[in-house]
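1. structure for the following, please:
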Amino acid sequence: MVALGAAADDDDLIMARFRSRTLNKAGVVMVQMFVNGREEWIMMDDYLPCQHGRPCFVRSKQEGEVWPCFLEKAWAKMTGSYARMEAG
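-> Purely as a prediction, here's the structure:
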C-alpha cells in the first residue's frame, strides 16, 4: 500500500490497475495486482466498510475519490482480511 501511495500522483498508472474506470451496474470491481511478480486480477464487490458514512480504513484527500479504498480492499482480499494486512 505504501508503494501505491507513492504512485498516487500518476493517475494513469493507478487507473491502469482497474479493469474499468467506472462503476458498473453489477457492482463488480476488478483490480490488477502483482504477487511475487505474477499478475493477478482480483474480483470483488463494490461495497466498502464504512462507519458514520466514512470509509473505515484508508481515505482519500480528494472528496469522492474511491480508488484507494478499492485497492486496499483488493489487498485485504489477497491477504485474507483487513486485519491480516501489515503496515497498511
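2. per-residue confidence at the spatially most central residue of the chain?
-> In the chain, the residue lying closest to the centroid (CA atoms, centre = their mean) is Leu71, at 1.2 Å. Leu71 is assigned 88 on the pLDDT scale.
3. make sure I have this right: it is in a helix.
-> Yes. Assignment of Leu71 by DSSP: H, G, I helix; E, B strand; the rest coil places it within a helix.
4. the strands in the protein, which residues?
-> 28-35, 38-45, 50-51, 54-55 (DSSP state E).
5. so what are the sheet partners of the third one and their directions?
-> Sheet partners assigned to strand 50-51 using DSSP bridges are listed as strand 54-55 (antiparallel).
6. for the partner strand, the averaged confidence score.
-> 85.
7. least trustworthy helix or strand in this protein by mean pLDDT?
-> Counting by mean pLDDT, DSSP states H and E, the weakest-scoring helix or strand in the chain turns out to be helix 2-7, with a mean of 60.
8. highest mean neighbour count out of the strands of the chain?
-> Among these, strand 28-35 has the highest mean neighbour count (mean count of other CB atoms under 10 Å), at a mean of 15. For glycine as for every other residue, the C-beta is placed from the backbone atoms N, C-alpha and C.
9. tell me what angle that one forms with strand 38-45.
-> Interaxial angle, strand 28-35 versus strand 38-45 (axes from the mean of the first three to the mean of the last three CA atoms, to 10 degrees): 150 degrees.
10. packing partners of strand 28-35?
-> If contacts are counted by 3 or more CB pairs under 8 Å, 6 or more residues apart in numbering; DSSP states H and E, strand 28-35 sits against strand 38-45, helix 67-79.
11. quick check: phi and psi on the residue in the chain sticking out farthest from the centre?
-> The C-alpha centroid of the chain is most remote from His52, which lies 20.3 Å away (CA atoms, centre = their mean). Main-chain torsions, His52, degrees, to the nearest 10: phi 60, psi 40.
12. for Ala16, same thing?
-> Per degrees, to the nearest 10, the backbone of Ala16 is at phi -70, psi -20.
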